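Asker: Need coordinates for the below:
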Amino acid sequence: MFELAHPWMLALLPLPLLIHRFAPAYRQRQDAIRVPFFRRLIALTGQQPGSGAIIHERLLFQKIWLPLSWLLLVVALADPLWLGAPIEQTKSARDLMVAVDLSGSMAARDFRLPNHQPLDRLGAVKQVLRQFAERRAHDRLGLIVFGDAPYLQVPFTEDHRLWRTLLDETAIGMAGQSTVFGDAIGLAIRQFEQSKTKHRVLIMLTDGNDTGSTMPPIEAAKIAAARGVKIYIIAVGDPATVGEEALDLETMQRVASITHGGLYQALNRDDLVRAAATIEQLEPVTFERLAFQPKRRLFHYPLAIILCGYLLFFLRMALRLRTEQRA
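Answerer: Numbers count the residues shown, from 1 in each chain. Alright, predicted model coming up:
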């Protein structure tokens, strides 16, 4: 579709007519030679002298091209545009960070596949998270792994295939044997601070309690709540476990409550699937649609026509003059 970016420039079209009508004519004085036989020359030629201007006759090309070039110039000033077909883009409206515990206790094989084959906790978590990511087409996903320290495995990205690949590459113990639960929340907060999205969700999967984080989990949760980060926790494993591998459900519940999130226990694979499904229902996919029309500027075309027209005119005049000189 064709349109003008500055259609008000077309008001300049009658400007040459107004100048011709109201502006004084351009006059140029020339020197003349006074000769004593002027009257005799008049008598011989039979012409009578007079005063006034001499108007040079214009060529037909000039009569046509001058108004046409003015029209093209005004059209170029109006900035003609060609609008393409509207294009819609879908933009993510939520950043969702997943933090996975890779401590040694995640090697416990207390989960089972549908065929009753034993599966370690991390393997079950990977299966559920892969399916979860496939259904979050319009969310930007990130991945943090934590053990002795938290590490950013995948920054926020819309490339879910890459996210799943790097999730598959995680292994038990690659981040250490401990569980720095609070520091993992702190790392997630720093990633959210670089995001412009208002919908911020952190999903944490762990099977232990905090073992010496620099930032206590409760304090980290308060900061997350102030930054608009909602935390959902999936506690993986048996709550009856004691020692360093015991689940600190009280702290997890406080973290989830402070950030208006939720806590879910997964004693088996089915519980894990249900927990992920519940979070998915509480945090439905949100996205924004952006529509725009590609614009192609065309002002250079009328300018090129004007330039080519004058070049052809001057070339023709030069050839004509050269021919006359040879004659």
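Asker: Going by C-alpha atoms from here, please, whenever you check contacts or count neighbours.
Answerer: Fine.
Asker: By mean pLDDT, which helix or strand of the chain comes out lowest?
Answerer: When each helix and strand of the chain is scored by mean pLDDT, DSSP states H and E, strand 287-292 comes last, with a mean of 59.
Asker: After that strand, which helix or strand is next?
Answerer: For strand 287-292, the following helix or strand on the C-terminal side (DSSP states H and E) is strand 295-297.
Asker: That next one - what's its average pLDDT?
Answerer: Mean pLDDT, computed over strand 295-297, is 86.
Asker: Output the contacting helices and strands for whichever helix or strand comes after it.
Answerer: As assigned by DSSP H and E, the chain's next helix or strand after strand 295-297 is helix 300-326. Applying 3 or more C-alpha pairs under 8 Å, 6 or more residues apart in numbering; DSSP states H and E, we find helix 300-326 packed against helix 60-77.
Asker: Summarise which helices and strands the following helix or strand past the helix it packs on is packed against.
Answerer: Where DSSP H and E defines the elements, the next helix or strand beyond helix 60-77 is strand 80-83. Judged by 3+ C-alpha pairs under 8 Å, 6+ apart, strand 80-83 is in contact with strand 2-4, strand 295-297.
Asker: In CSV, list these along with distance to residue 45 and mean neighbour count.
Answerer: Shown next, in CSV, are the helices and strands packed on strand 80-83 (distance: least, C-alpha to C-alpha, whole Å; neighbours: other C-alpha atoms under 10 Å):
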stretch, distance to residue 45, mean neighbour count
strand 2-4, 60, 15
strand 295-297, 62, 14
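Asker: now those as CSV including distance to residue 145?
Answerer: Below are those laid out as CSV (distance: least, C-alpha to C-alpha, whole Å):
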stretch, distance to residue 145
strand 2-4, 54
strand 295-297, 45
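Asker: what are the phi and psi values for residue 175?
Answerer: phi -110, psi 10 (degrees, to the nearest 10).
Asker: surely it meets residue 147?
Answerer: Yes: assessed by C-alpha atoms under 8 Å, residue 175 is found in contact with residue 147 at 4.7 Å.
Asker: Looking at those two, which one has more neighbours?
Answerer: More neighbours surround residue 147 than the other of residue 175 and residue 147, with 26 against 20 (other C-alpha atoms under 10 Å).
Asker: Which residues are in contact with that one?
Answerer: Residue 147 makes contact with 101, 102, 103, 173, 174, 175, 176, 177, 178, 179, 180, according to C-alpha atoms under 8 Å, 6 or more residues apart in numbering.
Asker: Enumerate every residue touching the nearest residue to the third one once chain neighbours are set aside.
Answerer: Among residues not flanking residue 103 along the chain, residue 177 sits closest, at 4.3 Å (C-alpha to C-alpha, 6 or more residues apart in numbering). Remark: with contacts taken as C-alpha under 8 Å, 6+ apart, residue 177 is in contact with 102, 103, 104, 105, 147, 148.
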